[in-house]
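K.L.:
task: produce atomic coordinates for the following.
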Amino acid sequence: MMTNLFSTFDPSTSSNLSLNWISAMIGIMILPLSMWIIPSRINMMWIKLSTALNKEFKALLNINFNKGNTIMFISLFSMIMFSNFLSLFPYIFSSTSHMSLTLALSLPLWLSFMIYGWTNNTIHMLTHLVPQGTPGVLMPFMVCIETISNVIRPGTLAIRLSANMIAGHLLLTLLGSTGNKLSIIMINLLIITQLALLVLESAVAIIQSYVFSILATLYSSEIN
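P.N.:
Below you'll find the predicted structure:
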């Protein structure tokens, strides 16, 4: 029987432990981690990078018509850059060095742009086949040239990325395979050269992912 009206607010439980106070902490679990954890330098760097890419892609795209497209291209940049960096570690499969991945990224993008452009903006796509100011005699040739250059775009995107990644990895592999035949002095020079090439490959990993996403953005902007 309750002896006191205010005993209902007693925090004690049947086990004589003040476990009821834990229920007051449940609300903390609803709050996001950003309220408690200071963002790390890597997190801040990634936020600044994503913001810079978002501004740059917005400048290339017609935002009034392509809202949200920048997220797709930022995700594409992130995926390619992570794959490029992971391939620099030993015993990790270099996925971006193979056409099966790079062509699988470029071909669906190009096909979707072409299908959307020719379906919704047919006249605009036809005007791209003939540059402004082209003489009438050269118009048939310009149409053929522009058509060929448009068709080979997914191939050039895929080959550019895979060829650049293959070239650096192949050079590192060839130089590393000669280490057991060199003297101590030459091995030291080889290590320095390998480190310099590794730094260069790290820059190439970022540049190639940036070039791929920028070119995909430019191809997307042409259909509007």
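
K.L.:
all contacts plus neighbour counts: C-alpha atoms, from now on.
P.N.:
Noted.

K.L.:
now do the buried residues in the longest helix belonging to the chain.
P.N.:
Of all the segments assigned as helix in the chain under DSSP state H, the longest by residue count is helix 184-221. For helix 184-221, burial by neighbour count (16 or more other C-alpha atoms under 10 Å) applies to 187, 190, 194, 197-198, 201-202, 204-206, 208-210, 212-214, 216-217, 219-221.

K.L.:
show me the contacts for I37.
P.N.:
By C-alpha atoms under 8 Å, 6 or more residues apart in numbering, no residues touch I37.

K.L.:
any idea how far it is from I71?
P.N.:
25 Å (C-alpha to C-alpha, to the nearest Å).

K.L.:
gap between Q208 and P90?
P.N.:
Q208 is 20 Å from P90, by C-alpha to C-alpha.

K.L.:
wait, I meant S83
P.N.:
13 Å.

K.L.:
between the two, who's got more neighbours?
P.N.:
S83 (18 against 8; other C-alpha atoms under 10 Å).

K.L.:
okay, now the unreliable bits of this protein?
P.N.:
Along the chain, segments meeting pLDDT under 70 span 1-21, 23-24, 62-68.

K.L.:
all helices of it, in order?
P.N.:
So, for the chain - with DSSP H - the helices run 26-30, 41-60, 69-86, 99-120, 122-129, 139-151, 153-176, 184-221.

K.L.:
mind listing what's buried in the third one?
P.N.:
It refers to helix 69-86. Those would be 69-70, 73-74, 76-78, 80-81, 83-86, for helix 69-86 by 16+ other C-alpha under 10 Å.

K.L.:
and for the fifth one?
P.N.:
Buried residues in helix 122-129, counted by 16+ other C-alpha under 10 Å: M125, L129.

K.L.:
for stretch 153-169, the distance to its chain's centre please.
P.N.:
16 Å (C-alpha atoms, centre = their mean, to the nearest Å).

K.L.:
cool, and stretch 172-180?
P.N.:
Offset of stretch 172-180 from its chain centre (C-alpha atoms, centre = their mean): 31 Å.
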